[in-house]
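Undergrad: need a structure here:
(3 chains)
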Amino acid sequence: MNNLKFGNGKWEEEKRGDGVKWTFLEHKGPVFAPLYEPLPDDVGFYYDGKKMKLSLPAEEVATFYARMLDHDYTTRDVFNNNFFKDWRKMMTSEEKSTITDLKKCNFKQMYEYFKAKSEERKNMSKEEKKKIKTQNEAIQKEYGVCMMDGHKEKIGNFKIEPPGLFRGRGDHPKQGMLKMRINPEDVIINCSSDSKIPQPPAGHRWKKVLHDNKVTWLASWTENIQGQTKYVMLNAASKLKGEKDWQKYEIARKLHRTVDKIRAQYREDWKSKEMRIRQRAVALYFIDKLALRAGNEKEEGETADTVGCCSLRVEHIKLHDEFDGKENVVEFDFLGKDSIRYYNTVSVDKRVYKNLKIFMDNKQPGDDLFDRLNTSIMNKHLNNLMEGLTAKVFRTYNASKTLQEQLNLLTNPDDPVPAKLLSYNRANRAVAILCNHQRSVPKNFSKQMETLQTKIDAKKDNIRDAKKQLKEAKANFKASKNPKNKMVYEKKKKAVERLEEQLTKLEVQATDKDENKEIALGTSKLNYLDPRISVAWCKKCNVPLEKIYNKTHRAKFQWAIDMAGPDFEF
DNA sequence: TCATGCACTTAGGACAAAGGCC
DNA sequence: GGCCTTTGTCCTAAGTGCATGA
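TA: Take a look at the predicted model:
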């Protein structure tokens, strides 16, 4: 595989096929979570109405729960049961024999204590806040950066995750379990052998020190809930990540050039005699047309029950010969990544429809829709069609292609910048809808919409008044023709124009806000849209890049800013 | 072929900081 | 200047996909 590299002030290609990621890496190791601070004596835990002094380990875990008292998590049985079970493990035998029922536990004082603390933090004086900021900056300066191959690079997550209660998403069977504190003895360090090896905190030692330059991580540990490895890695703005990102979009562009052939192929495969081929072809059609995720198998009972394309079950689709005036409609309804619901009704090709009927024949709702297919089979096939092609490339490709198309379609070169930005947001939104990037409706959304509407109405009133005044001024000026009246007239005219501009801005804002209430634009912007499309659009349309990309975006996409001129096409 | 481990990208929510308004 | 909304950043869970070994 070719590595794309930034060198000599421009981007160029470099061969390095051995999987080596760096030759020199030096860092200070991760920052550990602050130690537990015991509660003051007047903050009590009550069991069955009686105050009870807990042992330190039991108290610490109790505070994890207490902090979450106003969260929906603590209303769920699974969460509560998991928490209680793990909490009891941290109790002394005495505590264990006393505390047998979570319902009799009263964490109220602890909850109030933490609430007051966070209030206190908010109300800190300017000097105190500044002091904390300075301290954080010092930590960032020492632990937040590393040296990699002669470049000083920011680290993405140099702080080790603090202990707490596991917040699995959706219907997660392990939610509420105790996520243990990580100590230096749990951490593996990775760095150059000829670098200054990071020092573990006093009195501690590392689990291991590695010098593996075939991987990009600086430190790792194993988390106790799922037994998965967690990593300390570089920030997205780093050279290493930027090059990888560029590569990703280059593969997506390569797909762009050959997708017609691939589409023709899978359409042909719908007719195959072999069931496995037809299943593969129908699934690929979904991945391409609907931007579904691949859908790896998951271990049952270990995580929330979510699916992607290859793991769809019969219960996740319904077939309608006719639906809303359309023929051969597939109704999708399933939970995807992060237990976000995917609901869509799609009119599909007749052959696809017929195939789906056959795939579902004689199956139970809980059976796999594509029983002869998995992601590994799919990706092997895709790699045969195009080197480097996998299921997820289709999401990148279709997202970027959609942005490009929508921008071409929606942008009016004569529009003022705010209107162009609305067009951009709409193009971005089309992508987010395609990829099903959702968010929960912001708190106070309807109230905010109301106040915005009130503002709009008020502005309209203003305009009406201003127009009336303008008319009078015009009449006065026409009647008398004196220069003073002319000035008044011109002033009134300007005022009307300004108000109308303000109104447009408000209306645009309202439209944008409403269309956006359940859609998250950030994910596609950050992960799916070739940044060169946006950079080129800004250059071509004379829109300042800062209107589209904030500082973090610009740092992450520096490679694209350097690379793309106004004429870049995906 | 299958299960499992590993390394990496993608994801939404929480929270803090900044910005706009009265 | 204080309040309230908006935006940016942090956090870490949840995916993808490849390698490995039985």
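
Undergrad: tell me the spacing between the closest residue in space to A:Y549 that isn't next to it in sequence and DNA strand B.
TA: Setting aside the residues directly before and after it, A:Y549 is nearest to A:F557 in space (CB to CB, 6 or more residues apart in numbering), at 6.4 Å. Every C-beta, even on glycine, is put in place using the N, C-alpha and C of the backbone. A:F557 sits 12 Å away from DNA strand B, going by CB to the nearest atom of the strand, to the nearest Å.

Undergrad: any bit of the lengthiest helix in chain A sitting next to DNA strand C?
TA: Using DSSP state H to define each element, chain A has its longest helix at helix A:445-480. Yes - Helix A:445-480 is in contact with DNA strand C by CB under 7 Å from any atom of the strand, via A:447-448, A:451-452.

Undergrad: for chain A, which strand is longest?
TA: strand A:326-335 (DSSP state E).

Undergrad: right, and the helix or strand after that strand?
TA: Per DSSP states H and E, the first helix or strand lying C-terminal to strand A:326-335 is strand A:341-347.

Undergrad: direction included, what does that following strand pair against?
TA: strand A:326-335 (antiparallel) (DSSP bridges).

Undergrad: top of the residues of helix A:445-480 next to DNA strand C by neighbour count?
TA: In terms of neighbours by other CB atoms under 10 Å, the residues of helix A:445-480 next to DNA strand C top out with A:L452 at 16 neighbours.

Undergrad: distance of it relative to DNA strand B?
TA: 11 Å.

Undergrad: give me the three-state assignment for the residue nearest to that residue when sequence neighbours are not counted.
TA: Nearest residue to A:L452 in three dimensions, chain neighbours excluded: A:A510, at 5.1 Å (CB to CB, 6+ apart). Look at A:A510: counting by DSSP: H, G, I helix; E, B strand; the rest coil, its state is helix.

Undergrad: ok, A:V543 touching A:S423?
TA: No - counting by CB atoms under 8 Å, A:V543 does not reach A:S423; the two are 9.8 Å apart.

Undergrad: could you point out which element follows the lowest-mean-pLDDT helix or strand in chain A?
TA: Least confident helix or strand, chain A: strand A:10-15 with a mean of 42, by mean pLDDT, DSSP states H and E. Note on strand A:10-15: by DSSP H and E, the next helix or strand toward the C-terminus is strand A:25-26.

Undergrad: what's the domain layout of chain A?
TA: A:2-32+A:127-232, A:45-123, A:270-389, A:399-563 (automatic domain parsing).

Undergrad: end-to-end on the longest one?
TA: One end of domain A:399-563 to the other measures 20 Å (CA to CA, to the nearest Å).

Undergrad: so where do the helices sit in the stretch 101-250 of chain A?
TA: Here the stretch 101-250 of chain A has its helices, by DSSP state H, counting those that start in this stretch, at A:108-122, A:126-143, A:239-269.

Undergrad: could you give the angle of the first one to helix A:126-143?
TA: Spelled out, that is helix A:108-122. 90 degrees (axes from the mean of the first three to the mean of the last three CA atoms, to 10 degrees).

Undergrad: over to the longest one?
TA: For helix A:239-269 against helix A:126-143, the angle by the same axes, to 10 degrees is 80 degrees.

Undergrad: next, the buried residues of helix A:239-269.
TA: For helix A:239-269, the buried set under the neighbour-count rule, 16 or more other CB atoms under 10 Å, comprises A:239-243, A:245-246, A:248-249, A:251-256, A:259, A:262, A:266, A:269.

Undergrad: out of the residues you listed, who's near DNA strand C?
TA: Restricting these to those touching DNA strand C (CB under 7 Å from any atom of the strand) yields no residues.

Undergrad: how far away is the residue of chain A most remote from its centre from DNA strand C?
TA: Within chain A, the residue lying farthest from the chain centre (CA atoms, centre = their mean) is A:S480, at 64.4 Å. Relative to DNA strand C, A:S480 is positioned 41 Å away (CB to the nearest atom of the strand).

Undergrad: what's the spacing between that residue and DNA strand B?
TA: For A:S480 relative to DNA strand B (CB to the nearest atom of the strand), the value is 36 Å.

Undergrad: before we move on, the earlier item: rebuild the domains of chain A as JSON lines, extending it with distance to A:P38.
TA: Shown next, in JSON lines, are the domains of chain A (distance: least, CB to CB, whole Å):
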{"stretch": "domain A:2-32+A:127-232", "distance to A:P38": "15"}
{"stretch": "domain A:45-123", "distance to A:P38": "6"}
{"stretch": "domain A:270-389", "distance to A:P38": "35"}
{"stretch": "domain A:399-563", "distance to A:P38": "34"}
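
Undergrad: excluding sequence neighbours, find me the nearest residue to A:I189.
TA: Closest to A:I189 by CB to CB, 6+ apart is A:V209, at 4.7 Å.

Undergrad: give the contact list for the one you found.
TA: A:188-191, A:197 (CB atoms under 8 Å, 6 or more residues apart in numbering).

Undergrad: now the two most distant members of these.
TA: Farthest apart among those by CB to CB are A:I188 and A:I197. That separation is 12.5 Å.

Undergrad: pLDDT below threshold where in chain A?
TA: A:1-17 (pLDDT under 70).

Undergrad: can you map out the strands along the stretch 51-200 of chain A?
TA: For the stretch 51-200 of chain A, strands defined by DSSP state E, counting those that start in this stretch occupy the ranges A:105-106, A:145-148, A:151-154, A:164-165, A:178-179, A:188-190.

Undergrad: looking at these, which is nearest to A:F83?
TA: Of all these, strand A:164-165 sits nearest to A:F83, with 5.9 Å by CB to CB.

Undergrad: return the list of strands paired to the closest one, each annotated with direction.
TA: strand A:178-179 (antiparallel).

Undergrad: anything in the partner strand near DNA strand B?
TA: No - Strand A:178-179 stays clear of DNA strand B (CB under 7 Å from any atom of the strand), getting no nearer than 14.5 Å.

Undergrad: dump the helices of the stretch 101-250 of chain A to JSON lines, plus distance to A:H204.
TA: Output for the helices of the stretch 101-250 of chain A, formatted as JSON lines (distance: least, CB to CB, whole Å):
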{"stretch": "helix A:108-122", "distance to A:H204": "28"}
{"stretch": "helix A:126-143", "distance to A:H204": "15"}
{"stretch": "helix A:239-269", "distance to A:H204": "29"}
